[in-house]
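what follows is a predicted structure for the sequence shown.
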Amino acid sequence: MSPWQKIVVPLILVAVLPTCKEGGEKRQALEQGGSLSPIKAADRCEHNLPPALCTKCNPALAAVFRAKGDWCDTHGFPESFCPICNPNASIPEVGAATAPVSDWCGGHGLPESMCTKCNPVLIPQFQAAGDWCEEHGFPESACPVCNPRQPPGGAGQVFTDWCVEHALPESKCTKCNPSLALQFQTAGDFCEGHGFPESVCPVCNPQAPPVGVERAAIEARVVRFRSSSIESAAGIQTVVAEQSKASATIECAARLAFDADNVADIRAIVPGIVRRIRAELGAHVERGAPLFELESTRVGEIQGALQTARERVRAARANLVRQRALRASDIASARQLETAEQELASALAESRTAEATLRMAGAARSTPSGRYTLSAPIAGTIVRRPAVVGLLATASESLATIAETSVMWALCDVPEVHASQVALGQKVFITVGSDTDTPIEGQVTWIAAEVDPRTRTVTARAEVANPHGTLRANQFARARIETGAPRTAVSVPRSAVQRVGEREVVFVRTAQGAYEPRVVQRHGDSERVHVEGRVQAGDAVVATGAVLLRTEIMPGSIGAGCCEVERPGGN
């Protein structure tokens, strides 16, 4: 026996071989180094190894092989029988990893002979063998959380021994099968408080359903109409599922707004009376174009002060030149020269202040008429113009708003639960009006750093082109944000998708009067949506009457009485 067999084989035998004569014989043969029969192809996993030796199927074994130095880092298998490096290597027979059909715990999703929840006495055995998951309390090689397995019975078979309504194995549900109650009461395994077997009571000992069992339980509830006339009277109508290109998307409400980086608000810094309006509402103006003529007593005062300051500057300069000449002849004192310099500096400061005030107000500097003109600070369209002739314009009164409308902002209200899927640069399609209108494409340029506390949404901004001016600020729209790469998908009418519990289903007509529910994952909220699941292009899906079929398969529902529903297992 090779060194790795002495360590690994006992561990595997403890973990996967049932306590039986056959398992004892295999253990004895391996421990004595006897000849081993070849492994049949049917007993190999998808990696061409016995499932019980495969480090891909049983990741917990990797540490054992690494510790013995028998490890292929390139492919992640034991070096001595790596199916890629050593495809013809001799592999010991340790028994199939898949339990017999009868050896399966439906409540916990692993072989019954390895279920340490149902058989706590097995715990020391697996812990001693190093095959133990401390986090979940199962053998590591069969942990239904870390290493989930397919239920027995053949590849692709789904285990359906689970009561979705009561959350315990169907074969032990005393609510659905009251005749079982006496059996469990006699065995002393009964919870009188809740009316379930104590070992699987969903209240006292809740269990996680096996992987895929809820889906299987729903899809097993086939609805059959008692006659074709009843089916016709029910008004069931089907449409053909279509194949189309689709991307993972988020659909949400949006509102349009002006590009705030290209909007100007026109106000009068210096109060005045509007005497003339030079631009009409809706007109396109260039930067610097005159908009309003105002008359202001305050501007007149500033203009007069500017003229006075200029005269002071002229006189102060002349005086400074004279004082410098006198000082050079030693006629004027140094004090007189300093006073002349201070006078010129004061006059210049007063002149500059008046010029700055008039420049900000847009007032002319020439004569003290009290009139001045407001000009456009940017090029764009006058979208608002509340000013009228005779209005007293102040800093708190907006006279007009200019906006560049060739590019608009679409502010998308993304639901909080989907916000993490949105990223900068993603494509956004905006639809204004009916769904038949051509969507307008844009890109996400900004995502809010906070959630709106009232709506629980996150604002994502997209910039969209508006060359023809058809988009209007404050319009409501629908936004579709692409969060994934395009792929081929199946599309169905939105009305065909129905919710059953926490899942969504589509009903497929498989024969006259027979309708199978198929669990799907829906993408989108428009009239046609894309679905993922066991629905293919060409399937006849129920578009009208799906609500009736949904009523028939709902857990606890009495239905409409016109159909028969097959329970899981055909009961």
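Looks like it arrived, so ask away. Everything quoted here is computed from the prediction, not taken from an experiment. Numbering: from 1, shown residues only.

number of nearby residues for Thr438?
By the criterion of other C-beta atoms under 10 Å, Thr438 has 7 neighbours. Glycine gets a C-beta too; all of them are placed from N, C-alpha and C.

name the element it belongs to?
Assigned by DSSP states H and E, Thr438 belongs to no helix or strand.

go ahead and confirm Thr394 touches Ala268.
Yes - with contacts counted by C-beta atoms under 8 Å, Thr394 reaches Ala268, the gap being 6.3 Å.

which one of those two is surrounded by more residues?
Counted by other C-beta under 10 Å, Thr394 and Ala268 do not tie: Ala268 has more neighbours, with 26 against 13.

now the more buried one: closest residue in space, sequence neighbours ignored.
Nearest residue to Ala268 in three dimensions, chain neighbours excluded: Ala393, at 3.7 Å (C-beta to C-beta, 6 or more residues apart in numbering).

count the residues that sit near that neighbour.
The tally of other residues near Ala393 (other C-beta under 10 Å) stands at 22.

for Glu140, same thing?
Glu140 has 22 neighbours, counted by other C-beta under 10 Å.

measure it to Pro386 for me?
Glu140 sits 75 Å away from Pro386, going by C-beta to C-beta, to the nearest Å.

and for Thr455?
31 Å.

same check on Leu306?
For Leu306 relative to Pro386 (C-beta to C-beta), the value is 31 Å.

quick one, which of these two is more surrounded?
Shown here are Leu306 and Pro386; by other C-beta under 10 Å, Leu306 has more neighbours (22 against 11).

which element is that one on?
According to DSSP H and E, Leu306 maps onto helix 297-328.

for that helix, buried residues please.
Under the neighbour-count criterion of 16 or more other C-beta atoms under 10 Å, helix 297-328 has 299-300, 302-303, 305-306, 309-310, 312-313, 316, 319-320, 323 buried.

distance between the ends of stretch 121-141?
One end of stretch 121-141 to the other measures 18 Å (C-alpha to C-alpha, to the nearest Å).

I'd like the average pLDDT over it.
Mean per-residue pLDDT for stretch 121-141: 84.

report the buried residues of that stretch.
Residues of stretch 121-141 classed as buried: Leu122, Gln125, Phe126, Ala129, Asp131, Trp132, Cys133, His136, Phe138, Pro139, Glu140, Ser141 (neighbour count, 16+ other C-beta under 10 Å).

which one among those gets closest to Thr551?
His136 (37.9 Å; C-beta to C-beta).

which SSE is the residue nearest to the closest one when sequence neighbours are not counted in?
Excluding its sequence neighbours, the residue lying closest to His136 (C-beta to C-beta, 6+ apart) is Val145, at 4.8 Å. Of the helices and strands defined by DSSP H and E, none includes Val145.

list the residues that contact Val145.
By C-beta atoms under 8 Å, 6 or more residues apart in numbering, the contact list for Val145 reads Cys133, Glu135, His136, Phe138.

repeat that for Ala395.
By C-beta under 8 Å, 6+ apart, the neighbours of Ala395 are Arg267, Ala268, Ile269, Pro271.

which of those residues sits closest to Thr249?
Nearest to Thr249 among the contacts of Ala395, counting by C-beta to C-beta, is Arg267 at 42.9 Å.

name the residues that touch the helix or strand harbouring Leu411?
Assigned by DSSP H and E, Leu411 belongs to strand 407-415. Where contact means C-beta under 8 Å, 6+ apart, the residues beyond strand 407-415 that reach it are 250, 252-260, 262, 422, 428, 430, 442, 452, 455-466, 471, 473, 477, 479, 481.

what of stretch 306-314?
Outside stretch 306-314, the residues touching it (C-beta under 8 Å, 6+ apart) are 343-344, 346-348, 350-351, 353-355, 358, 365, 368.

mark which of those residues are buried, thanks.
Glu343, Leu344, Ala347, Leu348, Glu350, Ser351, Ala354, Leu358, Pro368.

present the residues you listed as JSON lines; the columns should include secondary structure, distance to Leu294 and pLDDT.
Below are those laid out as JSON lines (DSSP: H, G, I helix; E, B strand; the rest coil; distance: C-beta to C-beta, whole Å; pLDDT from 0 to 100):
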{"residue": "Glu343", "secondary structure": "helix", "distance to Leu294": "34", "pLDDT": "89"}
{"residue": "Leu344", "secondary structure": "helix", "distance to Leu294": "34", "pLDDT": "89"}
{"residue": "Ala347", "secondary structure": "helix", "distance to Leu294": "28", "pLDDT": "88"}
{"residue": "Leu348", "secondary structure": "helix", "distance to Leu294": "28", "pLDDT": "91"}
{"residue": "Glu350", "secondary structure": "helix", "distance to Leu294": "24", "pLDDT": "87"}
{"residue": "Ser351", "secondary structure": "helix", "distance to Leu294": "23", "pLDDT": "85"}
{"residue": "Ala354", "secondary structure": "helix", "distance to Leu294": "18", "pLDDT": "81"}
{"residue": "Leu358", "secondary structure": "helix", "distance to Leu294": "12", "pLDDT": "77"}
{"residue": "Pro368", "secondary structure": "coil", "distance to Leu294": "15", "pLDDT": "66"}
